[in-house]
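Participant: Let's see this in three dimensions:
(one chain, ligands or ions: 2)
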Amino acid sequence: ISTRPGGRGESYLHELVLLPSLSPEKGHWDGYRFYIPKLKVRYDLPDVAEQYDGYNRVCGYETPCAYENSCPNLGCLNELEKEAYIKAVAELLSNEEKSKCKSYLVSEEEFDHGFFQTAEITDEEYRGVQQTLITDKFLKTLVQKVGKCPVKNLLEGKCSGNVTLPSCLGEKQIKCNPDYPYRTYDGTCNNLHHATWGSRGRPLKHPIAPCYSDAVSKPARSIFNAPLPQNRKLVREVASTLEQIGARSSAKISMFLVFLSELVNTDMIGRATKRVRHPTAGFRGCTADGSDRSACVSTLSNPLRVLPKDDCFDPIGVGCLNFSPQENSNDQCELKHVGQRNAESSYLDLSSVYGKQPSYDSNGKLELFTCGGTRPIVESEPSSVQFFALGGLFGQLHNYCVDQVRSCGQSKGPVEERCRAFTIGVYQKIIYEQLLPFLFGEQFYSQCGFDCEYNPHVEASVSQLYKSAAGRFQHIWIPETLFYMPNGDRRSLPFHEFFHNTEKYDCNGVLAGAVESPISINRFTDAYQCLFYSVDGKRGTCLTCIDLARNREAGLCPLLTYKHYLEELFGEQDSSKCYSNFEDLQDMFNPEIIKLMKNMYHSPADIDAMFCNLDRRLPSGASLPKFVAQATCLEFKRLKCTDRFFYTRNPNLGEGARKLISNLDLTVLLALFTNLHEVPTQPLIVDSTKVEAAK
Ligand code: HEM
Ligand SMILES: [Ca+2]
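Facilitator: Numbering: from 1, shown residues only. Ligands and ions are numbered 1, 2, ... in the order given. Next up is the predicted model:
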């Protein structure tokens, strides 16, 4: 092994000796790397993300800064840091000021009141928010001073010297008790060597360096250095093209699956909208009537423009959609690519159901609200009553467990914690034995390989790719209407209606309806791209646009870069191909979509990662397309393998609890906690066979 000429310490392999245990015909040497496809798929995320040049290199695109190995001179670090500090403090003060001024806030009469709600910042958190902002300002100033490539090298860990800002306070010390048998509420101490790993407030991680045009925060640009297509225009075009193609538009998958997945998602990822010290219902970027940008925009909002002639918004005079940026998490002031803050623990521990700290009545029961939702569930926005009801199944399971345990009069340890461990066990089993096998199909499920030991060396975190693009895939399944079946009669209501006045619904009817409602496929429904969260059915927002804006805000790289990266990870570099012109995309997209992409983008290499939601490659038996399935596999594998308390290996779940967990599933939960006479044996599909609940 020698150093590649011109490389920064990267290794160059001249010759490889194969050990007898590796069979040579399974490996593949491309002159640069040796691939062994049968090796287990890597699921850890790098601590310092580097630019991924696999696709560019193989396919002949130029990678920005590829031949620049200069580093910024950090001699005047203190000076720059002082400047950054002043800028950060000024911004925070100005935000506080604005948060007290009504004209900057979304008011109660507006349809999207609460949509971008912000949580309060505690004193403890405030320090982190401030440090993160200082570092951000520092890097922005540094880019202006020394240019993009040196900063890029610095952020990718290719420069020696300081890696954190000198005056930063460093990490808070947490002492863990290795013998404490229960999970903490914020996820700390799950990993005993790295107490904060996987905990609330930690950053998401970039699997590969982000593709910001300035390396730090400016939106990515096309390969010809032009802006990417206008957000809403692109979404609108895709929506109307899908409409014209007119392919099959419903599937056997039930909305019950979608709300269950949404619950799982809110457990692993919590939104952290940029905030001020006290909670708010959101900052405005647009005027109340939505006609234009507001004069009162601040750094707390970043409204989306809607161009004239928009089919959906133009007729009602809307030219602007509220959008609020999210907060990064860089509390230790590290000079590397940062990720957004995750406001939940990454672990699948029902943290979005149980809340930030224990909250039980004197018996150890959870206080339940609309449809059994716990306080954190019903206070989350924007959420539908179906979401409350799904969360409610687990809230009720907890309380049912408490009753059962109390009725035998003895418990080894606090009832609420034992029941919490049990409830999380049932939930994890449902995810790994019901939900994921269904989404992946048998073959890909086994290829993903969930049979791992506990691995304390890997950080339990969620990737920025998942959070800002691939993980949102299921939004494309949002249908125009949902069934609501109070006392057995079947009504069809527009999707947006379930987000408001949630108390008025009969919860059994809500769940019965979700099980019978099919998802929508091959469409961006109006409910998704035009009427989302509407109150009156006339004016709503475009969740699709928000998804795309999140993709770009996070600095995600182009779709094909991630595709190549994923396929390499899965040992498919042979089949991972180059797309030199748009026509080559036909393995992934419908021809009409390709035509549209050609009109909108300069090159196939510019297509936004979010459009993985149009991927038409389906692994056999799977419900998720290949790209999404691969990205999802990595996330769920990581979360399973890094969870010390995962139910299959949690020594504190007794034999009885295990037995119960193996007998409980979604069908049983529906039978126990609804008044339905008949329950579906497979609630993830519509028209499932049913059994009598009493049985
Ligand atoms: C029909 C049910 C669903 C609704 C109404 C819904 C709605 C939303 C909304 C409003 C956001 C925040 C948008 C933003 O400001 O960035 C969001 C984020 C997200 N959703 Fe969904 N969603 C649903 C189902 C799902 C499902 C099934 C998944 C996939 C498992 C999913 C994955 C995500 C992800 C990964 C995010 C970003 C994480 C975050 O910002 O918390 N969603 N969703
Ligand atoms: Ca969690």
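
Participant: So which residues on the stretch 401-550 of the chain come close to ligand 1?
Facilitator: 467, 471-472, 474-475, 478, 543, 546, 550 (Cβ under 6 Å from any ligand atom). In this view, the C-beta of every residue, glycine as well, is placed from N, C-alpha and C.

Participant: What does the pLDDT read for the closest residue to Leu300 other than its chain neighbours?
Facilitator: Leaving aside its chain neighbours, Leu300 sits nearest to Phe283 (4.1 Å; criterion: Cβ to Cβ, 6 or more residues apart in numbering). As predicted, Phe283 sits at a pLDDT of 98.

Participant: Tally up the residues packed near Glu442, please.
Facilitator: 13 (other Cβ atoms under 10 Å).

Participant: What helices and strands are in contact with the helix or strand hosting it?
Facilitator: Assigned by DSSP states H and E, Glu442 falls within helix 436-448. On a contact count with 3 or more Cβ pairs under 8 Å, 6 or more residues apart in numbering; DSSP states H and E, helix 436-448 meets helix 626-641.

Participant: For Ala460, see how far away Met330 is.
Facilitator: For residue 330 the amino acid is Asn, not Met. 19 Å (Cβ to Cβ, to the nearest Å).

Participant: And Pro203, by the same measure?
Facilitator: Note on Pro203: its distance to Ala460, by Cβ to Cβ, is 12 Å.

Participant: out of those two, which sits in the more crowded spot?
Facilitator: For Pro203 versus Ala460, neighbours defined as other Cβ under 10 Å are more numerous around Ala460 (27 against 23).

Participant: Counting neighbours, what do you get for the nearest residue to that one once chain neighbours are set aside?
Facilitator: With sequence-adjacent residues excluded and distances taken as Cβ to Cβ, 6+ apart, Ala460 is closest to Gly198, at 3.2 Å. By other Cβ under 10 Å, the residues close to Gly198 number 28.

Participant: Is Gly198 part of a helix or strand, or is it coil?
Facilitator: Classification of Gly198 using DSSP: H, G, I helix; E, B strand; the rest coil returns coil.

Participant: give me the number of residues near Asn177?
Facilitator: Around Asn177 there are 8 residues (other Cβ under 10 Å).

Participant: What count of nearby residues applies to the nearest residue to it once chain neighbours are set aside?
Facilitator: In space, and not counting its chain neighbours, Asn177 is closest to Cys189: 7.5 Å by Cβ to Cβ, 6+ apart. If you count neighbours by other Cβ under 10 Å, Cys189 ends up with 21.

Participant: quick check: domain ranges of this protein?
Facilitator: If you go by the TED database, the domain ranges for the chain are 60-172+275-337, 351-455+646-692.

Participant: Need these in CSV (columns: distance to Pro219).
Facilitator: Putting those into CSV (distance: least, Cβ to Cβ, whole Å) gives the following:
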stretch, distance to Pro219
domain 60-172+275-337, 11
domain 351-455+646-692, 25
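
Participant: Quick one: the ones you listed as JSON lines, columns for distance to ligand 2 too.
Facilitator: Output for the domains of the chain, formatted as JSON lines (distance: least, Cβ to the ion, whole Å):
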{"stretch": "domain 60-172+275-337", "distance to ligand 2": "15"}
{"stretch": "domain 351-455+646-692", "distance to ligand 2": "3"}
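
Participant: helix, strand or coil for Ser492?
Facilitator: Per three-state DSSP, Ser492 ends up strand.

Participant: in the sheet, who's paired with it?
Facilitator: As for beta bridges, Ser492 partners with Phe483 under DSSP bridges.

Participant: dump the residue contacts of it.
Facilitator: 481-484 (Cβ atoms under 8 Å, 6 or more residues apart in numbering).

Participant: gap between it and Glu516?
Facilitator: For Ser492, the distance to Glu516 - Cβ to Cβ - is 10 Å.

Participant: What of Pro166?
Facilitator: For Pro166 relative to Glu516 (Cβ to Cβ), the value is 61 Å.

Participant: try Asp506
Facilitator: Taken as Cβ to Cβ, the span from Asp506 to Glu516 is 15 Å.

Participant: ok, back up a step: mind putting the contacts of Ser492 into CSV with pLDDT?
Facilitator: Below are these laid out as CSV (pLDDT from 0 to 100):
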residue, pLDDT
Thr481, 98
Leu482, 98
Phe483, 98
Tyr484, 98
